[in-house]
Structures are given as C-alpha cells and as structure tokens.
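1. here is the input, now give the coordinates:
(chains A, B, C and D)
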4 protein chains.
Amino acid sequence: MQLGLVGLGKMGANMRTRIVAAGHEVIGYDPRPEVSDVRTLTDLVRALDAPRAIWVMVPSGDPTRTTVASLAEELSPGDIVIDGGNSRYTDDFEHAKMLQDKGIGYIDCGVSGGVWGLDNGYGLMAGGADADVARVMPIFDALRPEGERADGFVHAGPVGAGHYAKMVHNGIEYGLMHAYGEGYELLSAEPLITDVEGTLRAWTHGTVIRSWLLDLLVRALQEDPGLAQISDYTTDSGEGRWTVEEAIRHSVPANVISAALFARFASRQDGSPALKAVSALRNQFGGHAVRDTTGRSVGETGSPPDTSAG
Amino acid sequence: MQLGLVGLGKMGANMRTRIVAAGHEVIGYDPRPEVSDVRTLTDLVRALDAPRAIWVMVPSGDPTRTTVASLAEELSPGDIVIDGGNSRYTDDFEHAKMLQDKGIGYIDCGVSGGVWGLDNGYGLMAGGADADVARVMPIFDALRPEGERADGFVHAGPVGAGHYAKMVHNGIEYGLMHAYGEGYELLSAEPLITDVEGTLRAWTHGTVIRSWLLDLLVRALQEDPGLAQISDYTTDSGEGRWTVEEAIRHSVPANVISAALFARFASRQDGSPALKAVSALRNQFGGHAVRDTTGRSVGETGSPPDTSAG
Amino acid sequence: MQLGLVGLGKMGANMRTRIVAAGHEVIGYDPRPEVSDVRTLTDLVRALDAPRAIWVMVPSGDPTRTTVASLAEELSPGDIVIDGGNSRYTDDFEHAKMLQDKGIGYIDCGVSGGVWGLDNGYGLMAGGADADVARVMPIFDALRPEGERADGFVHAGPVGAGHYAKMVHNGIEYGLMHAYGEGYELLSAEPLITDVEGTLRAWTHGTVIRSWLLDLLVRALQEDPGLAQISDYTTDSGEGRWTVEEAIRHSVPANVISAALFARFASRQDGSPALKAVSALRNQFGGHAVRDTTGRSVGETGSPPDTSAG
Amino acid sequence: MQLGLVGLGKMGANMRTRIVAAGHEVIGYDPRPEVSDVRTLTDLVRALDAPRAIWVMVPSGDPTRTTVASLAEELSPGDIVIDGGNSRYTDDFEHAKMLQDKGIGYIDCGVSGGVWGLDNGYGLMAGGADADVARVMPIFDALRPEGERADGFVHAGPVGAGHYAKMVHNGIEYGLMHAYGEGYELLSAEPLITDVEGTLRAWTHGTVIRSWLLDLLVRALQEDPGLAQISDYTTDSGEGRWTVEEAIRHSVPANVISAALFARFASRQDGSPALKAVSALRNQFGGHAVRDTTGRSVGETGSPPDTSAG
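-> Below is the predicted model:
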C-alpha cells in the first residue's frame, strides 16, 4: 500500500527502509529538504492517493501536536493518521478528537526497538478503531518482526491504548535496566569477581535473566571496558515519569520503577539538597563531621576516643 | 569423563540427563533408593575411579555442608568436589578449607536455568583454581548451552566467585521480575488496555524489554488467564536477601533489588504492623476513619462536610 | 475582627472556637442547619460587614470549588476569601482568578494540627498578596500557637504557596509516619524486645527521634496495646500523591515519600497482581511451589532433596 | 553512688558532667592524660570501691571489645559493666559471656541525645538482668531527662535489647531525616515558595510534623542559609546498615529506612556504576546521547526532528 511518512530522523528513516523493503510505497516528508521527498506537508498530502494513510514520527508534545493539527486541515474524510511517536496517551484523545471532527481516522501506535528495529523489526502496540487498524495492517506487518503477528504486534484497545502500552513498556524498561545496573555495580565492587564482563556475558545464554538488554550491556562493555568513557549522567524522556504518575492514579505500588526513575534524577544533580539537610542534621545533633562544598572535613570536635549517641 | 552426582532431585536429575547425553558417565547418589545408583555416599566414592570428580546438587545450608563434610572424609587427595547448589559464597570458604586440608579440590558453580536447562543448557558461573576448573571443563561444556563457551560459562574468579555471581544473578532476577510485575499490574488496572495478555505477548519480539522471563510470563498467562488461580504469596530462597546484604557491605545503593525483596516480605504478611501504626497515627491526629480487624470502619466522627488538617 | 466561616465540621468547629476565644466574631455557615448560624451562603454574606473576610473550610476539590464559585457571585470588591482546606495548589490559581476578576482577594492557607489544634494552635502556611495576608493576620494570630508568630505561621509566597507548603508538609508526614511504622514493626518482630511499648515511650524524651507523632503513637499503643484492634488498611487523602507528582515535575528524588505512599496503596490491595506475576514466574522457571488463591501449596514436584537453580 | 567512666570524649565528658551534677561520684579514665582522672584502666578499677559499676563509652567494635576484655581481667565478681556506646547488639552477647564467666554483670544501654543530652537529658534503652539494671538505676536517673522515668528510660529486655532498641531508634532516625530532606528539597525546587526557611520554621509549632529534628533543621538553616556551606556527602556509622540487615532477618519490609540508607551511599559515590550501565544501555538501543566523563555530550546522531523508540 501507499504511506505518507512525516519525520525522517533516526527512527523514521529506518522505518521507511523497512516498509519499502516489504514492497510498499512510502512518500516521506521532513523539514530538512535534503532528506525529504516533498517540499511541504501540503505537498505530501497532494502526492498521496485518497483514502490516505499518514504515519507521524516526530517528537512528542508540540511537534506532534502541530503536525496533527496541520493534517487535520489538509486531509479529507476517510483518511487516517497514525502517531508512531512517544506521545503521552492523553494527547491521543485530543488528536483523535481533532481529526474525528473532520471524518479522519486516528491510530496511536507505540513502537519499540530503537536503532535495531530496522533489522529485527519493531514491537508495535496499537490503539484505535478496528476498521482503522485493519486498514493499516500491511504497514504494521512490514514493521513488526517476522513470525506470527501476535508476537510483535497488538491491538491493545481503543485510541490511547497503544501509547499507554508503550508507556508501561518503557516504565518496565527503566526497572529492568536499573536491576542490571545494580547487579553490575555489585559485581564490580566485589574483589572475588575477577571477570565482571565475562560474568555478564556468561549470563546471556541459559540463565533466567538472559534478555536483549543484557546482550546490549555486554556489547557496551566490550566497546568500553569498565564503562570508563561514559558518565553516569542519565536523562529521561518522559515515559518513566508518566508511568509513575499513572501508578499513582491507579493506586498501583510502583516501588521498582520509581526507584529507577529517581536514580536518574539523582544522577543529574550537582549535590543533593536532601542529603545536605541530612548532613546538616547529623552535624547539629551529634557534632558529626561534615564536608564543606570543597570536600574538606569540618565541624569535628576532634577529641578521641569518642562515641556519638545520635 | 566420569562424574559422581549427589542429589537427584528436579535439578540433579535433569543435569544427569544432559551430562549423559554428552557422552559422559554419571553415577548418581540420592537418599531415595528408588532413584539412586548406589546405596550410600561411601558406595558412590568407591564406584568412582580416582582422581574423582563429584558434583553436589543438594539444598544449600546444612544439607550441602553435611555432604561436603562427608566427602572430605571419604575422598582422596587429587579428587575434586563441585558445589552446584545455591550456597552462600561465604560457605564456599569453609567447604574449600575443609577439603583443601585433605588435598581435595573445590569448585563452587552457580547454575541457572531452572527446569528449562535440560533442553536449553544451563548458565554456569564457576569459582576456583584454574587447574580444578580445567579438569571439570568437559562437564561444564556438557551442561552449558551450545555455542561459544563464553556465552554460558564463566570462570568468574577464585573459590566463592561462582556463588557470588549466582547470588547477584538472582538479585537481578528479583528486580527484573518485579519490574514486569509492576508493568503487568498497571496494564491490568487501566481500562483502555482491553488485551493485557496480547500486549505482553506482543512485547516478546522486537521490543527493548524482550527477554526469557517475559516469554515465561506470557506462557503463565496463557495457562492461567488473569493469574486467577495463583495467590500473591511469594517466597524467597535467600539469594535476594544476601544480595541486599552484600550491597550494604559494599555501600552499593540497591533500591530496585531491595524493593523487589521487601515486596515479597509484604506479600506474606497477614496485616502490616507498620501500616497499623500509620493508620493508628492518622486516627490519633486527624480523627481519620480507620478499619478494625474485621474491616469495619470505625473511629469517624461522622460530621460532614469536613476537612481534616493532618 | 469579624469572620465568616464556611464549613463547621470537625476542623471548622474547632477553629471557630479558637478564633472566638481570641476575641473575634465568627458567623458560621454549614449546610447542616443544626450547627449553622445562618440559613444560606447568601445569608452569611449579608450578615457580614464589608469589607468581608470569609474562611472556607470544606473538603478540597468540588466542594471547595463550588463554594468559591458561589462566593465569587455573592461577594463584593474588597472582600477576601481564605481557603483553609487541603486544596491542591493548582486549584488556587483558578480560585484566585475567579475572585480577582470581581476585585475579591484570595489567600490559600494550609492548616495543620488536626483535632489537637483547638488547644495547641494550628501550624499555618499562607499564600497570597501581602496586603491580603496583612488584613487577615488577626485571624491567623488567633489560630496559630502562642509564642512568636514565625513559630507557627509563614507567608510562604504568592497564591498557591500556602497549599504547596501544606502539601509538602503532608508528604513529609507520610515519610515520618512510615519510618516510625517500620521501626515499630522491627521492634515487634524481635524477641529480645520484651517491652515494645515502653521502648517507644522512652523515646519520647531526650532522644533524637522525639516528636509529636511519636507521642501520638505511644498514646495509640496505650489505648490499643499491640494495635490489636486496628486493621492495616490505610487510606490517603491526596497530598501524598501530589507530593510525589511534584517531585517528578521538579526531578526531585523522593524515594522515602513515595515508598510510604506505595505502602498505603499495597495495604488496600486484596492480593497484589505484581506479586502474582512474580510468583507465576518463579513457578514457570523453577517449578517453585506457589499458593493458589485458597492458600494451598501447589505446583511442587515434591522430590527431595532438591536444589532449584533459578 | 560511685561510677567508673571509661571514655571522656564528646559524649563521655558531657555524661560525666550530668551524673556529677546529680550528686554522684565519677572517676573517669581516658587514654589522653590531660582529661583522665587516673593513669590506667587498672588504676581506675583500684580507685573504685567494690562492688564496682563501670560505664564504657568508647567507639563500638574493637575499642569497646578491648575495653570489656580488659575489664573482665581487672574486675571482681559482683562488679558490673555498662556499655553505653553504639555496639551492635550481637556484640553484647559476647561481652556478657566474657564477664559472666567471672561473675561480673553486664548491661547494654543505648544512649540518644547527642551533644544536647547534657542539658536535656539522654533517652536511655537498657538491656540486662533486672537486678543489674536496678543497681545502676541512680545513674540512669541522673542521665535521663527529668520527669517520669518511663518518659526517657526503658528496660527493654535481656542483654542485647538495649542496643537493639538503639539500633532501631537510629534506623528510624535515618528515615525521619530523609523525609525532612526530601521535603526541604521539594520546597527549594518550587519557585512559588519564596520563604523556604520560614516555612520550615512555621512547621515547628502546631503542625503534625513538628519534632526535635525539625527544630535542628531550622537551626542549621539559620546558621547556614540555603545550606550553602555544606556538602551532600553523608557518612553513616553502622546502625542504619544493621537495621536493614535485621529487617531482612525478620522479613520486615523496610523500604523507607533502606531508601534513606542507600541515599547516603549514593552521596558518597563519584559516579554511579549502575547509572553508567543504564546510560550505556540507552545509548546502545536508542542512540540516545550520553555524556562522557568530562560532561561532554557524545554519541548523538544529530538528525532532527526525531523520535527515539526505546
């Protein structure tokens, strides 16, 4: 079938390649003329035969919102828009409404797989009406991994369900990565373990904790032994926060996912105000030594032997 | 080669099958006569040609300790004992000392893979002397998954390193399982998700969070939709506790693994004393309604409309 | 001065008593005629001399929103409304806007102290314009504890700051209560401690952890030894959730407060879906025994001695 | 009565002052001659009338162990030793055994109050035999806060119970301090709050969260506004670790206390290996930008607009 694709960045470009390889026609639009097949979004719409299907693959929030709003202006009844980006599921309700008022269909589709999806296929989670999902199925089939459709694609529910599923997927991802991180840190701290990287590699086959993320961690350690070249400064792109917010909304205890999220926050701090307060308190009641901001120990009374009685 | 195998339970029996299939000879001993090849541990030792290799696959703690102590009596210099159970790594130091005094070698080997290891091979983490490990390598090669040795086997360090690695492996396992658990719970709580099981299944291919544990969770849900037949009462067999204790010893923040561990503790409580205290406090300062142990709401003043100012 | 007071529940009634005791005139309105001084909100407004000050002490959310909207209709330019309930700080922006359009002032005031505030005075956190706060100061002075004004009252910032401060106060409260709860549970679990209640009582003076909440916990234990009469089912009224949401918004690691919040969620669950998933996984890979929903152990293979190798 | 006191550091010296002020005789020994009343521990024993009572107030671990061992040599049947330091409760069993074999009594006494105990009195938690505790009661009465004995002193149980109670006290302390720390950090992060320090001060009276620790935090902020002079590097002296280890032993979920403990660990790290692993993983699957150890952003592909699909 024919597909319009808005956004030809890392993800979009790879997805185009995979869809074309499956025998479909893709007309791509991107604001960067050097990679775009057409000059404007309007041109993209004109270049497609009705009823059109347009896949939006741009950053979530304003860029996606603006793109969908423009498409609501340009498209015709019977056309369909798929948001394949990482939008918050609540945005989907607005997008669907905006389009539905013009008779245009809407599907939200969570896409997982990163830069590896080009070769492996992408895990897909779609939300929307049955008829809409059915119409775009050839594209989903092109993007998902080979094998049974249900092993890599789900129609998770109505509009919003796709991004909700993707959000939860990413929340789990936070927890998984941090669990491996804690294990890696503990192995690294223990002198008995003389082959940390070999241990992780040995875990990739046969063990209970084997996974694709573990394969990637082994790969990262092969490229950068001891992770010596990388800082611990870790960003987050929203889904982890949203997952914890949803856990709060549904009264779901999310200790693991929130711990993984908070650890990222802490990694970006230049000194924790909370721990400054704790340190100041210890100094107040016990005369415990604290460090000033240059790292110098201060505030000790210096009279050994001693016992503090905090 | 020839191997003595002590313990023919679920794990031991499967391992014997796999070792024999690789062309080795296994003489097994188990206190249950109906599954044992010999009548006593002494008979096992007599049945083996020196220098002997004996793999111990019995529960950790006293059963392993007793077995190793008996072997220290029965075996001869140049023999070797492998503890393949889930012993705490500190036990290994005692076991190795006990045997070393008699000139007997010792290897601790963490084994992962569960009931699936029979077909898939087991992930193996060994600790011990180079020469000892080299001598038993044919058995490790038989047990580990096919393919490159390093993808399923590691000689992680000296005695203790194998069980240390296995302990950390299991600690990670706690975190991974709980991350999936939280995600599963959140999906189940959200009405938008009309196909929870399909969503998990779709995650098994192409996504970032695909893993063997996820495959198993999908399998469990296929066998018992909604996990309706299973209680949330979750036991633990020690490695999770040890992992957190090691994290404390090494000053490693282990928020994720400890959260997973504590959740299991909570699952086994019949009422949390901590939350009774919290509930009692809320009642004390705010006159908030609390429930008595029969679930009846008590302690309210009943005068609406109201605002508590806790 | 003269004050209108909307809401004569537990908190409102006590506050009226305290304000009147300080020599002010309070006209109270409550939908329950038996406790109300006037028949309607309109009557309340008519009964007050302009410029009026009306303190709203009703549940947060719709009740407060409706009350403020009605007051926006009834009041005159120069009047002032104080929301002393537990509104979310974002509601304050709407309330202030609604009133400001009519020339009516608005203060949000967090009030802490519970049922004890009548005698001890209430801790007050106000948000609003300097002039508005100054005008209502006699009421704040009546409500706050005796002593220096700064020890019990703060003008924390512009509109919203009062409820923001109260929200954080309650978030801290969650953490404090749960810390005591965990300590209480641990004391109760340890056979060496033969006098749990006496230990808590001894902590109330001289120690680092002495506090008003600890006094209350001792009191609760005196009334109900062993907390035998109370369930662990613990509700939450919103501020804890909001605090964690704000922590997420500001990228503040809030491990302690979120753990306390999640523990309350868990206390209200009748079986944790997350732990069902964990338990199902353990059964899948290790053949570990699990419990069915009646508590019966199932799924074991029953062949001792054995070692699982999860 | 007469008391021997070993250890005249910060705590010991203050305690001597308080005991003497209550009319008792104290003979102190400290290795620093300038503060010691006697030249050696042997001289101290000689200077006391039998039956003797000697209070040991030196750092826990080896210093206390050595002191108790020396006293076991020097003292006579009927004498009594009190360990007032922060020993782990398991040490008490050894100490008691060592002394009991010579007919010498032993009490472990947790002491809380820090440098403020001199004026306020100390919270005391004693473990030991009834007769031993009764004999030393005049000293306990001198040290504890004025008022009822039960409000500041408890005989918590047999030997070990005193230090166990103190350990739990300190575990709670970790949780309380961190709860205040998180609240302080959140207040500081929110622009609406224009008076963070005033808000904390206003919480000291009337509110639910008022406490001695809060008073100290206000004091610390008055001395060092914004805690600008202090680093977040926070040490720990063992009791927090022991508390979590005990929680694990008793299967008590200790999410709050462990989170507070782990935050201290993290504060002392120069880069978290766990988060390096997480960051490396994000780079592997998503091509997400990471920072190298100099803080420079690396690894981006740089092609906007884009959507990662992690």
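2. name the helix or strand for residue A:137, please.
-> In this assignment (DSSP states H and E), residue A:137 forms part of helix A:130-143.
3. chain center to that helix: distance?
-> Averaging C-alpha positions (CA atoms, centre = their mean, to the nearest Å) puts helix A:130-143 23 Å from its chain's average.
4. do the same with stretch A:105-114
-> Chain-centre distance of stretch A:105-114: 12 Å, with CA atoms, centre = their mean.
5. wait, does it contact chain D?
-> Yes - using CB under 8 Å from any CB of the partner chain as the criterion, contacts between stretch A:105-114 and chain D involve A:110, A:111, A:112, A:113, A:114. To be clear about C-beta, it is placed using only N, CA and C from the backbone, and glycine gets the same treatment.
6. the third one against residue B:207, yeah?
-> Yes - taking CB atoms under 8 Å as the definition, residue A:112 is a contact partner of residue B:207 at 3.8 Å.
7. shared neighbours of those two, anything?
-> In terms of CB atoms under 8 Å, 6 or more residues apart in numbering or on different chains, residue A:112 and residue B:207 are both contacted by the residues A:122, A:123, A:169.
8. may I see the PyMOL selection of the buried members of the residues you listed?
-> Remark: buried members of the shared contacts of residue A:112 and residue B:207, expressed as a PyMOL selection using 16 or more other CB atoms under 10 Å in any protein chain shown:
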select buried, chain A and resi 122+123+169
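9. just the ones in helices from the shared contacts of residue A:112 and residue B:207, please.
-> For the shared contacts of residue A:112 and residue B:207, membership in helices holds for residue A:169, with DSSP state H as the criterion.
10. most neighbours, which of the residues of stretch A:105-114 next to chain D?
-> residue A:110 (34 neighbours; other CB atoms under 10 Å in any protein chain shown).
11. give the contact list for it.
-> Neighbour list for residue A:110: A:84, A:86, A:124, A:125, A:126, A:162, A:163, A:165, A:166, A:167, A:169, D:309 [criterion: CB under 8 Å, 6+ apart].
12. do the same with residue A:189
-> With contacts defined as CB under 8 Å, 6+ apart, residue A:189 is in contact with B:250, B:251, B:252, D:273.
13. farthest-apart pair in the residues you listed, please.
-> B:251 and D:273 (11.8 Å; CB to CB).
14. which residues of chain A lie near chain C?
-> So chain A meets chain C at A:208, A:241, A:244-245, A:247-248, A:251-255, A:258-259, A:261-263, A:265-266, A:268-269, A:272, A:274, A:285, A:310 (CB under 8 Å from any CB).
15. can we see that at 6 Å?
-> Residues of chain A found near chain C (CB under 6 Å from any CB of the partner chain) are A:208, A:241, A:248, A:251, A:253, A:255, A:258, A:262, A:265, A:266, A:285, A:310.
16. which residues does residue A:2 contact?
-> Counting by CB atoms under 6 Å, 6 or more residues apart in numbering or on different chains, residue A:2 touches residue A:25.
17. for chain C, see how far away it is.
-> 42 Å (CB to the nearest CB, to the nearest Å).
18. any idea which of the contacts of residue A:110 is closest to residue C:61?
-> residue A:167 (26.0 Å).
19. what about the strands in the stretch 51-200 of chain A?
-> A:53-56, A:80-83, A:105-112, A:123-127, A:153-157 (DSSP state E, counting those that start in this stretch).
20. any chance of these in TSV, plus mean pLDDT and distance to residue D:190?
-> Output for the strands of the stretch 51-200 of chain A, formatted as TSV (pLDDT from 0 to 100; distance: least, CB to CB, whole Å):
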stretch	mean pLDDT	distance to residue D:190
strand A:53-56	98	35
strand A:80-83	98	33
strand A:105-112	98	32
strand A:123-127	98	35
strand A:153-157	98	36
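21. pick the most buried one from these.
-> When the strands of the stretch 51-200 of chain A are scored by mean count of other CB atoms under 10 Å in any protein chain shown, the highest mean neighbour count falls to strand A:123-127 (a mean of 30).
22. wait, residue A:114 touches residue D:286, no?
-> Yes - taking contacts as CB atoms under 6 Å, residue A:114 lies within contact range of residue D:286: 4.5 Å.
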